[in-house]
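Participant: what follows is a predicted protein model with its sequence.
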Amino acid sequence: MFWDWEGRSWRILALMSKSGLLQGKPTNLLVNGCQNSAAFGLANHRSPAGVDVGRSPKARRWAISEAPMIRNYKVLSSAANSLFNRLALSPFQQTLLPLSCRSSGSPKMASNESIKSGNEEQLKPIFEQKRVLRSNVRKALKAMDPSLRSHEDNAIQSIVLEAPWFKSSQRLCAYVSCSALREVDTSRLLSETLQHPPKDGYPKKIYVPRVEDKNSHMRMFNISRMDDLIANSMNILEPAPVDGDGNQREDVMQTKDPIDLLLLPGLAFDKSGRRLGRGGGYYDTFLKNYQELAKARNWKQPLLVALSYSVQIMDEGIIPLTPNDVLVDALVTPSGVIPISPAGLDKMKV
(Lines give C-alpha, C1' and ligand atoms only; values in the text may rest on other atoms or scores of the structure.)
Protein backbone atom coordinates (compact mmCIF):
# COMPACT_ATOMS: atom_id res chain seq x y z
CA MET A 1 0.00 0.00 0.00
CA PHE A 2 1.34 3.44 -0.96
CA TRP A 3 0.73 6.81 0.63
CA ASP A 4 -1.15 9.28 -1.55
CA TRP A 5 1.13 12.33 -1.39
CA GLU A 6 -1.30 14.67 -3.19
CA GLY A 7 -4.24 13.92 -0.92
CA ARG A 8 -6.07 11.89 -3.52
CA SER A 9 -8.53 9.27 -2.38
CA TRP A 10 -7.19 5.86 -1.29
CA ARG A 11 -9.79 4.54 -3.69
CA ILE A 12 -7.78 5.80 -6.65
CA LEU A 13 -4.65 3.97 -5.60
CA ALA A 14 -6.66 0.89 -4.78
CA LEU A 15 -8.13 0.91 -8.27
CA MET A 16 -4.67 1.35 -9.73
CA SER A 17 -3.34 -1.54 -7.67
CA LYS A 18 -6.26 -3.73 -8.62
CA SER A 19 -5.92 -2.87 -12.32
CA GLY A 20 -2.24 -3.81 -12.31
CA LEU A 21 -0.81 -0.33 -12.83
CA LEU A 22 1.25 -0.43 -9.65
CA GLN A 23 2.65 -3.87 -10.35
CA GLY A 24 3.59 -3.15 -13.96
CA LYS A 25 1.13 -5.79 -15.20
CA PRO A 26 -0.73 -5.45 -18.50
CA THR A 27 -4.09 -3.79 -18.13
CA ASN A 28 -6.92 -2.70 -20.39
CA LEU A 29 -7.33 0.54 -18.46
CA LEU A 30 -6.61 3.62 -20.56
CA VAL A 31 -4.27 6.03 -18.79
CA ASN A 32 -4.03 9.42 -20.50
CA GLY A 33 -5.11 7.74 -23.72
CA CYS A 34 -2.40 5.03 -23.53
CA GLN A 35 -3.26 1.40 -23.10
CA ASN A 36 -1.42 -1.07 -20.76
CA SER A 37 1.74 -0.61 -18.74
CA ALA A 38 3.97 -0.53 -21.81
CA ALA A 39 2.50 2.92 -22.42
CA PHE A 40 4.86 4.26 -19.80
CA GLY A 41 7.88 3.28 -21.90
CA LEU A 42 8.94 0.79 -19.17
CA ALA A 43 9.29 -2.75 -20.48
CA ASN A 44 11.12 -6.06 -20.01
CA HIS A 45 12.93 -5.16 -16.76
CA ARG A 46 11.47 -4.74 -13.30
CA SER A 47 12.63 -3.34 -9.99
CA PRO A 48 12.30 -5.41 -6.79
CA ALA A 49 8.89 -3.79 -6.30
CA GLY A 50 7.78 -5.18 -9.66
CA VAL A 51 7.72 -1.89 -11.57
CA ASP A 52 8.96 -2.02 -15.18
CA VAL A 53 12.07 0.14 -15.47
CA GLY A 54 13.12 -0.15 -19.11
CA ARG A 55 16.09 -1.65 -20.87
CA SER A 56 18.88 0.81 -20.02
CA PRO A 57 21.32 0.04 -17.12
CA LYS A 58 20.88 3.63 -15.94
CA ALA A 59 17.14 3.13 -15.60
CA ARG A 60 17.66 -0.12 -13.67
CA ARG A 61 20.18 1.50 -11.28
CA TRP A 62 17.76 4.38 -10.71
CA ALA A 63 14.90 2.04 -9.86
CA ILE A 64 16.95 -0.07 -7.43
CA SER A 65 18.46 2.93 -5.64
CA GLU A 66 15.12 4.65 -5.03
CA ALA A 67 12.88 3.74 -2.12
CA PRO A 68 9.83 1.83 -3.43
CA MET A 69 7.38 4.38 -2.04
CA ILE A 70 9.12 7.34 -3.70
CA ARG A 71 9.81 5.41 -6.89
CA ASN A 72 6.20 4.44 -7.40
CA TYR A 73 5.06 7.94 -6.64
CA LYS A 74 7.49 9.49 -9.12
CA VAL A 75 6.82 7.02 -11.91
CA LEU A 76 3.08 6.83 -11.47
CA SER A 77 2.01 10.26 -10.24
CA SER A 78 0.99 11.32 -13.73
CA ALA A 79 -0.85 8.03 -14.16
CA ALA A 80 -2.73 8.62 -10.89
CA ASN A 81 -3.70 12.12 -11.95
CA SER A 82 -4.82 10.87 -15.33
CA LEU A 83 -6.88 8.05 -13.83
CA PHE A 84 -8.49 10.43 -11.35
CA ASN A 85 -9.47 12.78 -14.18
CA ARG A 86 -10.81 9.95 -16.32
CA LEU A 87 -12.99 8.64 -13.48
CA ALA A 88 -14.62 12.08 -13.39
CA LEU A 89 -15.59 11.81 -17.07
CA SER A 90 -18.87 10.42 -18.23
CA PRO A 91 -18.79 7.42 -20.61
CA PHE A 92 -19.92 9.76 -23.41
CA GLN A 93 -17.09 12.21 -22.72
CA GLN A 94 -14.56 9.38 -22.69
CA THR A 95 -15.63 8.34 -26.20
CA LEU A 96 -14.71 11.84 -27.41
CA LEU A 97 -11.04 11.49 -26.46
CA PRO A 98 -8.84 11.45 -29.57
CA LEU A 99 -8.02 7.97 -30.82
CA SER A 100 -4.61 9.19 -31.89
CA CYS A 101 -3.62 9.33 -28.18
CA ARG A 102 -3.96 5.58 -27.78
CA SER A 103 -0.41 4.66 -28.61
CA SER A 104 2.66 3.62 -26.68
CA GLY A 105 4.88 6.23 -25.05
CA SER A 106 4.86 8.22 -21.83
CA PRO A 107 1.62 9.85 -20.71
CA LYS A 108 3.08 13.28 -21.50
CA MET A 109 4.00 12.23 -25.02
CA ALA A 110 0.59 10.67 -25.53
CA SER A 111 -1.18 13.90 -24.68
CA ASN A 112 0.96 16.05 -26.99
CA GLU A 113 3.27 14.42 -29.49
CA SER A 114 1.03 11.45 -30.23
CA ILE A 115 -1.89 13.73 -31.01
CA LYS A 116 0.31 15.82 -33.27
CA SER A 117 1.69 12.80 -35.10
CA GLY A 118 -1.81 11.39 -35.38
CA ASN A 119 -3.00 14.57 -37.10
CA GLU A 120 0.01 14.47 -39.40
CA GLU A 121 -0.83 10.89 -40.32
CA GLN A 122 -4.38 11.91 -41.20
CA LEU A 123 -3.12 14.80 -43.33
CA LYS A 124 -0.51 12.77 -45.23
CA PRO A 125 -2.86 11.98 -48.16
CA ILE A 126 -3.73 15.68 -48.47
CA PHE A 127 -0.06 16.70 -48.43
CA GLU A 128 0.62 14.13 -51.14
CA GLN A 129 -2.25 15.47 -53.27
CA LYS A 130 -0.83 18.96 -52.87
CA ARG A 131 2.65 17.78 -53.82
CA VAL A 132 1.39 16.18 -57.04
CA LEU A 133 -0.72 19.22 -57.89
CA ARG A 134 2.22 21.58 -57.32
CA SER A 135 4.34 19.49 -59.65
CA ASN A 136 1.67 19.59 -62.36
CA VAL A 137 1.11 23.34 -62.06
CA ARG A 138 4.85 24.04 -62.18
CA LYS A 139 5.05 22.05 -65.41
CA ALA A 140 2.13 24.00 -66.89
CA LEU A 141 3.75 27.31 -65.94
CA LYS A 142 7.08 26.23 -67.38
CA ALA A 143 5.38 25.26 -70.64
CA MET A 144 3.53 28.59 -70.86
CA ASP A 145 4.46 30.60 -73.95
CA PRO A 146 6.53 33.65 -72.91
CA SER A 147 4.48 36.01 -75.07
CA LEU A 148 1.23 34.71 -73.54
CA ARG A 149 2.69 35.08 -70.09
CA SER A 150 3.74 38.67 -70.79
CA HIS A 151 0.27 39.44 -72.18
CA GLU A 152 -1.42 38.01 -69.07
CA ASP A 153 1.00 39.89 -66.76
CA ASN A 154 0.03 43.19 -68.36
CA ALA A 155 -3.68 42.37 -68.41
CA ILE A 156 -3.76 41.41 -64.71
CA GLN A 157 -1.80 44.46 -63.57
CA SER A 158 -3.96 46.79 -65.66
CA ILE A 159 -7.13 45.31 -64.16
CA VAL A 160 -5.80 45.86 -60.64
CA LEU A 161 -4.53 49.41 -61.28
CA GLU A 162 -7.84 50.48 -62.80
CA ALA A 163 -10.10 48.76 -60.27
CA PRO A 164 -12.09 51.04 -57.91
CA TRP A 165 -11.39 48.70 -54.98
CA PHE A 166 -7.64 49.12 -55.58
CA LYS A 167 -7.80 52.88 -56.09
CA SER A 168 -9.74 53.34 -52.87
CA SER A 169 -7.29 51.30 -50.78
CA GLN A 170 -4.96 53.39 -48.64
CA ARG A 171 -2.79 50.72 -47.00
CA LEU A 172 -2.00 47.43 -48.69
CA CYS A 173 0.33 44.45 -48.67
CA ALA A 174 1.60 43.15 -51.99
CA TYR A 175 4.11 40.52 -52.99
CA VAL A 176 7.18 41.33 -55.07
CA SER A 177 7.07 38.96 -58.04
CA CYS A 178 9.94 36.62 -58.88
CA SER A 179 10.29 35.59 -62.52
CA ALA A 180 12.20 32.43 -61.57
CA LEU A 181 9.15 31.29 -59.59
CA ARG A 182 6.89 32.24 -62.53
CA GLU A 183 4.65 34.40 -60.35
CA VAL A 184 2.25 36.91 -61.88
CA ASP A 185 4.30 40.07 -62.38
CA THR A 186 3.73 42.93 -59.93
CA SER A 187 6.66 45.18 -60.90
CA ARG A 188 4.56 47.66 -62.93
CA LEU A 189 1.80 47.62 -60.35
CA LEU A 190 4.21 48.48 -57.54
CA SER A 191 6.36 51.00 -59.40
CA GLU A 192 3.41 52.95 -60.80
CA THR A 193 1.73 53.06 -57.41
CA LEU A 194 4.91 54.24 -55.67
CA GLN A 195 6.08 56.69 -58.35
CA HIS A 196 2.78 58.22 -59.43
CA PRO A 197 0.20 59.09 -56.76
CA PRO A 198 -3.26 58.22 -58.11
CA LYS A 199 -5.23 61.05 -59.70
CA ASP A 200 -8.63 59.74 -58.66
CA GLY A 201 -7.66 57.62 -55.66
CA TYR A 202 -5.83 57.88 -52.33
CA PRO A 203 -2.08 58.01 -51.61
CA LYS A 204 -1.05 54.51 -50.69
CA LYS A 205 1.19 52.97 -48.08
CA ILE A 206 2.64 49.70 -49.36
CA TYR A 207 4.08 46.81 -47.35
CA VAL A 208 6.01 43.98 -48.99
CA PRO A 209 7.27 40.66 -47.59
CA ARG A 210 10.58 39.70 -46.08
CA VAL A 211 11.20 36.05 -45.18
CA GLU A 212 12.82 35.85 -41.75
CA ASP A 213 13.59 32.13 -41.38
CA LYS A 214 12.67 28.64 -42.54
CA ASN A 215 9.87 28.29 -39.98
CA SER A 216 7.14 30.07 -41.98
CA HIS A 217 8.04 33.41 -40.37
CA MET A 218 7.51 36.34 -42.75
CA ARG A 219 7.14 40.05 -42.03
CA MET A 220 5.70 42.84 -44.15
CA PHE A 221 7.72 46.09 -44.23
CA ASN A 222 6.77 49.48 -45.61
CA ILE A 223 8.64 50.72 -48.69
CA SER A 224 8.45 54.10 -50.40
CA ARG A 225 10.29 53.29 -53.64
CA MET A 226 11.45 50.28 -55.62
CA ASP A 227 15.07 51.00 -54.70
CA ASP A 228 14.20 49.94 -51.15
CA LEU A 229 14.29 46.33 -52.38
CA ILE A 230 17.46 44.24 -52.36
CA ALA A 231 18.03 40.69 -53.63
CA ASN A 232 18.26 37.96 -50.99
CA SER A 233 20.26 34.73 -51.23
CA MET A 234 17.63 33.27 -53.58
CA ASN A 235 17.70 36.40 -55.76
CA ILE A 236 14.23 37.42 -54.59
CA LEU A 237 13.75 41.15 -53.95
CA GLU A 238 12.97 42.02 -50.34
CA PRO A 239 13.09 45.11 -48.12
CA ALA A 240 15.89 45.40 -45.58
CA PRO A 241 14.66 45.76 -41.96
CA VAL A 242 16.24 49.25 -41.86
CA ASP A 243 16.16 52.00 -44.48
CA GLY A 244 19.09 53.89 -45.98
CA ASP A 245 19.18 56.25 -43.01
CA GLY A 246 19.42 53.40 -40.53
CA ASN A 247 15.83 53.73 -39.32
CA GLN A 248 13.68 50.69 -38.66
CA ARG A 249 11.10 50.12 -41.36
CA GLU A 250 7.49 50.04 -40.26
CA ASP A 251 6.20 46.50 -39.75
CA VAL A 252 2.57 46.05 -40.77
CA MET A 253 1.92 44.03 -37.58
CA GLN A 254 2.88 47.06 -35.50
CA THR A 255 0.98 49.81 -37.32
CA LYS A 256 -1.76 51.81 -35.67
CA ASP A 257 -4.06 51.57 -38.68
CA PRO A 258 -5.46 48.51 -40.50
CA ILE A 259 -4.61 47.54 -44.05
CA ASP A 260 -7.36 47.44 -46.66
CA LEU A 261 -5.99 44.95 -49.16
CA LEU A 262 -3.58 42.04 -49.59
CA LEU A 263 -2.41 41.00 -53.05
CA LEU A 264 -1.36 37.34 -52.87
CA PRO A 265 0.68 34.98 -55.03
CA GLY A 266 0.18 31.24 -55.30
CA LEU A 267 0.57 28.19 -57.50
CA ALA A 268 -3.10 27.35 -58.07
CA PHE A 269 -6.54 28.68 -57.20
CA ASP A 270 -10.18 27.77 -57.69
CA LYS A 271 -13.41 29.75 -57.84
CA SER A 272 -14.39 28.75 -54.30
CA GLY A 273 -11.39 30.66 -52.89
CA ARG A 274 -8.98 27.81 -52.33
CA ARG A 275 -5.34 28.72 -52.76
CA LEU A 276 -2.41 26.34 -53.22
CA GLY A 277 0.86 27.88 -52.06
CA ARG A 278 4.39 26.62 -52.56
CA GLY A 279 4.40 24.55 -49.39
CA GLY A 280 6.31 26.82 -47.00
CA GLY A 281 3.24 28.07 -45.16
CA TYR A 282 4.53 31.66 -45.05
CA TYR A 283 1.43 33.39 -46.34
CA ASP A 284 -1.07 31.23 -44.48
CA THR A 285 0.84 31.85 -41.23
CA PHE A 286 1.06 35.59 -41.84
CA LEU A 287 -2.61 35.84 -42.84
CA LYS A 288 -3.80 34.01 -39.74
CA ASN A 289 -1.64 36.21 -37.51
CA TYR A 290 -2.87 39.39 -39.14
CA GLN A 291 -6.51 38.28 -39.02
CA GLU A 292 -6.13 37.61 -35.29
CA LEU A 293 -4.56 41.05 -34.83
CA ALA A 294 -7.41 42.73 -36.74
CA LYS A 295 -9.98 40.86 -34.68
CA ALA A 296 -8.28 41.82 -31.41
CA ARG A 297 -8.22 45.49 -32.43
CA ASN A 298 -11.75 45.41 -33.81
CA TRP A 299 -10.56 46.28 -37.31
CA LYS A 300 -12.32 45.35 -40.52
CA GLN A 301 -10.62 42.35 -42.11
CA PRO A 302 -8.59 43.18 -45.23
CA LEU A 303 -9.67 42.03 -48.67
CA LEU A 304 -7.58 39.03 -49.81
CA VAL A 305 -7.07 39.10 -53.58
CA ALA A 306 -4.94 36.55 -55.47
CA LEU A 307 -3.37 37.19 -58.88
CA SER A 308 -3.57 34.22 -61.22
CA TYR A 309 -2.56 33.18 -64.72
CA SER A 310 -5.23 31.33 -66.70
CA VAL A 311 -3.37 28.00 -66.36
CA GLN A 312 -3.45 28.32 -62.56
CA ILE A 313 -7.25 28.25 -62.28
CA MET A 314 -8.40 24.80 -61.19
CA ASP A 315 -11.83 23.17 -61.15
CA GLU A 316 -13.55 23.32 -57.79
CA GLY A 317 -12.63 20.47 -55.47
CA ILE A 318 -9.23 19.84 -57.09
CA ILE A 319 -7.25 21.78 -54.47
CA PRO A 320 -7.37 19.95 -51.10
CA LEU A 321 -7.67 21.88 -47.85
CA THR A 322 -5.92 21.59 -44.50
CA PRO A 323 -6.91 23.40 -41.28
CA ASN A 324 -4.18 26.02 -41.79
CA ASP A 325 -5.26 27.07 -45.30
CA VAL A 326 -6.75 30.55 -45.69
CA LEU A 327 -9.34 31.19 -48.43
CA VAL A 328 -9.13 34.26 -50.66
CA ASP A 329 -11.93 36.76 -51.25
CA ALA A 330 -11.35 37.23 -54.98
CA LEU A 331 -9.17 36.29 -57.93
CA VAL A 332 -7.79 38.57 -60.63
CA THR A 333 -7.26 36.69 -63.89
CA PRO A 334 -6.35 37.96 -67.37
CA SER A 335 -10.05 37.90 -68.28
CA GLY A 336 -11.24 39.84 -65.24
CA VAL A 337 -12.05 39.75 -61.55
CA ILE A 338 -13.73 36.77 -59.91
CA PRO A 339 -15.25 37.81 -56.57
CA ILE A 340 -15.80 34.86 -54.25
CA SER A 341 -16.62 35.70 -50.65
CA PRO A 342 -19.41 38.04 -49.49
CA ALA A 343 -16.68 40.63 -48.76
CA GLY A 344 -15.35 40.25 -52.30
CA LEU A 345 -18.80 40.53 -53.83
CA ASP A 346 -19.60 43.60 -51.75
CA LYS A 347 -16.29 45.38 -52.33
CA MET A 348 -16.17 44.69 -56.05
CA LYS A 349 -19.85 45.41 -56.66
CA VAL A 350 -20.27 42.69 -59.28
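Facilitator: In hand now; what should we look at? It should be emphasised that the depicted structure is a prediction, and the values quoted were computed from it without experimental measurement.
Participant: so A268 touches Q312, yeah?
Facilitator: Yes: between A268 and Q312 there is a contact under C-beta atoms under 8 Å: 5.1 Å. To be clear about C-beta, it is placed using only N, CA and C from the backbone, and glycine gets the same treatment.
Participant: overlap of the contact sets of the two?
Facilitator: Listed as contacting both A268 and Q312 by C-beta atoms under 8 Å, 6 or more residues apart in numbering are V137.
Participant: can you list the weak-confidence ranges in the stretch 101-250 of the chain?
Facilitator: Scanning the stretch 101-250 of the chain with the threshold set as pLDDT under 70 gives 101-118, 197-202.
Participant: helices along that one, start to end?
Facilitator: Ranges of helices within the stretch 101-250 of the chain are 107-111, 113-142, 146-162, 164-167, 187-195, based on DSSP state H, counting those that start in this stretch.
Participant: now these as TSV including distance to S272 and mean neighbour count?
Facilitator: Shown next, in TSV, are these (distance: least, C-beta to C-beta, whole Å; neighbours: other C-beta atoms under 10 Å):
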stretch	distance to S272	mean neighbour count
helix 107-111	36	19
helix 113-142	15	14
helix 146-162	20	16
helix 164-167	20	17
helix 187-195	25	16
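Participant: and the nearest residue to I318 once chain neighbours are set aside, what does it touch?
Facilitator: Distances taken as C-beta to C-beta, 6 or more residues apart in numbering put D270 closest to I318, at 6.4 Å, once the chain neighbours are dropped. Counting by C-beta under 8 Å, 6+ apart, D270 touches I313, M314, D315, E316, G317, I318, I319.
Participant: in this structure the first one contacts T333, no?
Facilitator: Looking back up the chat, that one is I313. Yes: counting by C-beta under 8 Å, I313 does reach T333; the two are 6.4 Å apart.
Participant: of the two, who's got more company?
Facilitator: More neighbours surround T333 than the other of I313 and T333, with 21 against 16 (other C-beta atoms under 10 Å).
Participant: quick one: buried ones out of the contacts of D270?
Facilitator: Buried members of the contacts of D270, scored by 16 or more other C-beta atoms under 10 Å, are I313, M314, I319.
Participant: tell me the one among those residues nearest to D284.
Facilitator: Nearest to D284 among the buried ones among the contacts of D270 is I319, at 13.1 Å by C-beta to C-beta.
Participant: relative to F269, how far out is that closest one?
Facilitator: I319 is 7 Å from F269, where distance means C-beta to C-beta, to the nearest Å.
Participant: identify the contacts common to those two.
Facilitator: Common neighbours of I319 and F269 (C-beta under 8 Å, 6+ apart) are R275, L276.
Participant: contacts only, for the nearest residue to P239 once chain neighbours are set aside.
Facilitator: Take P239 and drop its neighbours on the chain: the residue closest to it by C-beta to C-beta, 6+ apart is F221, 4.3 Å away. Neighbour list for F221: Y207, V208, R210, P239, P241, R249, E250, D251, V252 [criterion: C-beta under 8 Å, 6+ apart].
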